[in-house]
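> Sequence unavailable; structure follows:
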């Protein structure tokens with residue numbers, strides 16, 4: 001498969017593993033010496049994979065949905081690339097507060113062997129909406145009952 005498609009698949013694994021809280025897969029998308037800059041999104045600068053995954057896995061998010069689209073990926077060398085992804089996210093936190101955001105991921109990538117990794121990542125929001133003391137009805141679930149009960153089965 002070509003490098004551009006592999007980078008797109010890498011970012012898809014990033015979103016899926018973040019939302020499913022699969023921290024082993026999440027860790028696998030980053031270079032060991034990754035630098036993640038969340039300062040433009042109200043967060044902090046994180047250096048190194050262990051530091052960043054410890055931060056991400058400690059967030060008090062009950063449910064999240066992250067979408068990335070319209071990738072602008074440029075190969076800058078045989079083992080390097082840059083990318084900009086338009087993004088949208090929706091998070092429900094343990095305290096029942098919510099946020100819905102739109103913005104961009106600004107990234108660099110590094111190829112090691114046959115695999116691509118995220119080398120640097122900056123998150124920049126254009127807009128964030130914060131709302132509700134408790135979540136509204138979501139997919140037929142009343143208020144926060146769905147946050148604490150069993151998850152619905154996925155049907156094919």
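Right, received. Where do you want to start? Here the structure is a predicted model, which is why all the values come from computation and not from measurement.
> Could you use CA atoms for every contact and neighbour count after this?
Noted.
> what sits against residue 43?
When contacts are counted by C-alpha atoms under 8 Å, 6 or more residues apart in numbering, residue 43 touches residue 37.
> Ignore what I typed, I meant residue 102.
So, once contact is read as C-alpha under 8 Å, 6+ apart, residue 102 ends up touching 86-89, 125-128.
> which residues does it bridge with?
Residue 102 has these beta-bridge partners by DSSP bridges: residue 88, residue 127.
> Return the longest helix in this protein, judged by number of residues.
The longest helix of the chain (DSSP state H) is helix 3-20.
> What separation do you get for residue 120 and residue 20?
According to C-alpha to C-alpha, to the nearest Å, residue 120 and residue 20 sit 22 Å apart.
> Which one's more surrounded, these two?
residue 120 (21 against 13; other C-alpha atoms under 10 Å).
> Please verify my assumption that the more buried one contacts residue 84.
No - applying C-alpha atoms under 8 Å, one finds residue 120 not in contact with residue 84, separated by 11.6 Å.
> can you give me the helices for the protein?
3-20, 23-28, 49-58, 145-148.
> can you redo those as TSV with distance to residue 80 and mean pLDDT?
Converted to TSV, the helices of the chain look like this (distance: least, C-alpha to C-alpha, whole Å; pLDDT from 0 to 100):
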stretch	distance to residue 80	mean pLDDT
helix 3-20	10	97
helix 23-28	17	96
helix 49-58	19	93
helix 145-148	41	44
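> Of those helices, give the one that comes closest to residue 65.
Comparing these against residue 65 with C-alpha to C-alpha, the closest turns out to be helix 3-20 (5.9 Å).
> ok so, going back, residues bridging contact with residue 120 and residue 84, i.e. touching both?
Shared contacts of residue 120 and residue 84, defined by C-alpha under 8 Å, 6+ apart, are found at residue 107.
> ok, residue 60 to residue 119 distance?
Separation of residue 60 from residue 119 (C-alpha to C-alpha): 25 Å.
> more neighbours, the two?
Set residue 60 next to residue 119 and count neighbours by other C-alpha under 10 Å: residue 119 wins out with 23 against 12.
> wait, what's in contact with the more buried one?
30-31, 33-35, 107-110.
> farthest-separated two in those?
33 and 107 (13.8 Å).
> more neighbours, these two?
A direct count of neighbours by other C-alpha under 10 Å for residue 33 and residue 107 places residue 107 higher, at 19 against 15.
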